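S.K.: only the shape, not the letters, is given here:
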């Protein structure tokens, strides 16, 4: 069988999840690249994966998701339904720059008082206008910044800071700050400058790709803030923030594996993870010392059947997104995050309405 001769190892003995990235055909997403990360949890069944592999018993090469997608779509409905019964447990994290582009372009329309302002700006840039090119570069930087600020990493970091504040982030006059402790640190967790030159034409793709990984890396910490055990004595009116930060810190400790290919992104994930742990556990004797191995590692897909499974799932989810948009992905997978936060069917419908009203 293929998994006996080609796929030899799980890839890492410590990682609790394995991740790979895909992207829907940009011709079906307005020529904008949408980044999608599929997260395979080690504890869940890979029955769907082995069922798919069984259709390629003679393959001696690493199978690509495009081949799997084509075969999957050809299968009888009953067979596909059996595969979906375990495939739907794979977690899907999507970062789509288009809502942020819509916001930037709507601002331009309002400023210029012209409905076709974005099209006119692009035409001017094509004709060589340095002003138009500067405005487009500024808009790209704005979109990249919006993606980063809405990322799961930034949401977790901001939530942790709010939970450490007795007023949960409310602004108070400077003259009253002495009654409520020191002002919160305003240093950002990460900035777009951490990804290189902000003028780079690929800055949006670079930030969006990292943000998709960050969703997989940090969504459990975000969810943990609200997943209180009713019997938790620390989770009361006075210990809410401390107990929540402890749960968030615990979820930042496990190791997660990603397909090789972008070491700088993994380093930024690790840098962000350690910064959050340091902040969430500051002045907490219960978590005075937290150590251990790095939380994020790279694994070669050809050496890990878990990463190959993530590659297959990312390809299938990307195809569903291209065909049925976000609502299709939400309808097929148990857990879907979109631009940094978990979404429901109602959220997907709202996003689809917004996209239809702002086609560009």
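M.R.: Nice, thanks for sending it over. Bear in mind the structure is a predicted one, so any value in this text is a computation, not a measurement.

S.K.: all helices of the stretch 251-360 of the chain, in order?
M.R.: Along the stretch 251-360 of the chain, counting by DSSP state H, counting those that start in this stretch, helices occupy 263-280, 305-332, 345-357.

S.K.: deepest of those, which one?
M.R.: helix 305-332 (a mean of 23; mean count of other CB atoms under 10 Å). Any C-beta I mention is one placed from the backbone N, CA and C, and that applies to glycine too.

S.K.: so who does residue 35 touch?
M.R.: By CB atoms under 8 Å, 6 or more residues apart in numbering, the contact list for residue 35 reads 21, 23, 94, 95, 96, 205, 208, 209, 211, 212.

S.K.: can you give the distance from stretch 199-210 to the centre of its chain?
M.R.: 14 Å (CA atoms, centre = their mean, to the nearest Å).

S.K.: what sits up against it?
M.R.: With CB under 8 Å, 6+ apart, stretch 199-210 has contacts from 21, 33-35, 95-97, 137, 140-141, 143-144, 147-148, 151, 192, 195-197, 262, 265, 268-269.

S.K.: how about the strands of the protein, start to end?
M.R.: All strands of the chain, identified by DSSP state E, fall at 17-22, 35-41, 91-95, 256-259, 296-299, 336-338, 341-342.

S.K.: and these as TSV, adding distance to residue 52?
M.R.: As requested, the strands of the chain are exported to TSV (distance: least, CB to CB, whole Å):
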stretch	distance to residue 52
strand 17-22	15
strand 35-41	13
strand 91-95	17
strand 256-259	18
strand 296-299	20
strand 336-338	21
strand 341-342	26
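
S.K.: any idea which of those strands is most buried?
M.R.: Of those, strand 91-95 is the most buried (mean count of other CB under 10 Å), at a mean of 28.

S.K.: can you give the contact residues for that strand?
M.R.: 34-39, 41, 147, 151-152, 208-209, 211-212, 215-216, 219, 313, 317, 321, 326, 329, 333-340.

S.K.: then stretch 338-346?
M.R.: 94-96, 99-100, 147, 150-152, 154-155, 211, 215, 219, 222-223, 326-327, 330-331, 335-337, 347-348, 351.

S.K.: over to stretch 96-114?
M.R.: Contacts for stretch 96-114 (CB under 8 Å, 6+ apart): 29-30, 32-35, 115, 117-118, 120-121, 135, 139, 142-143, 146-147, 150, 204, 208, 326, 338-339, 351, 354-355, 358, 360.

S.K.: if we use 6 Å, what do you get?
M.R.: 32, 34, 115, 117-118, 139, 142-143, 146-147, 204, 208, 358, 360 (CB atoms under 6 Å, 6 or more residues apart in numbering).

S.K.: residue 298 contacts residue 260, correct?
M.R.: Yes: Residue 298 is in contact with residue 260 according to CB atoms under 6 Å; the separation is 4.4 Å.

S.K.: circling back: could you dump the contacts of residue 35 into a markdown table with pLDDT and distance to residue 304 added?
M.R.: A markdown table is the format used below for those (pLDDT from 0 to 100; distance: CB to CB, whole Å):
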| residue | pLDDT | distance to residue 304 |
| --- | --- | --- |
| 21 | 96 | 15 |
| 23 | 95 | 21 |
| 94 | 98 | 23 |
| 95 | 98 | 24 |
| 96 | 98 | 28 |
| 205 | 96 | 25 |
| 208 | 98 | 25 |
| 209 | 97 | 20 |
| 211 | 98 | 23 |
| 212 | 98 | 19 |
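
S.K.: nearest to residue 163, of those?
M.R.: residue 211 (22.2 Å; CB to CB).

S.K.: could I get the helices of the stretch 251-360 of the chain as CSV with mean pLDDT and distance to residue 256?
M.R.: Listed next are the helices of the stretch 251-360 of the chain as CSV, based on pLDDT from 0 to 100; distance: least, CB to CB, whole Å:
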stretch, mean pLDDT, distance to residue 256
helix 263-280, 94, 8
helix 305-332, 96, 11
helix 345-357, 84, 25
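
S.K.: residue 82 is nearest to which of those helices?
M.R.: helix 305-332 (14.2 Å).

S.K.: the closest one vs strand 91-95, what angle?
M.R.: 80 degrees (axes from the mean of the first three to the mean of the last three CA atoms, to 10 degrees).

S.K.: in the protein, what helix or strand scores lowest on average pLDDT?
M.R.: helix 2-5 (a mean of 35; mean pLDDT, DSSP states H and E).

S.K.: report the contact partners of residue 23.
M.R.: Applying CB under 6 Å, 6+ apart, the residues contacting residue 23 are 33, 34, 318.

S.K.: go with 7 Å
M.R.: 33, 34, 35, 36, 318 (CB atoms under 7 Å, 6 or more residues apart in numbering).

S.K.: okay then, goodbye and thanks.
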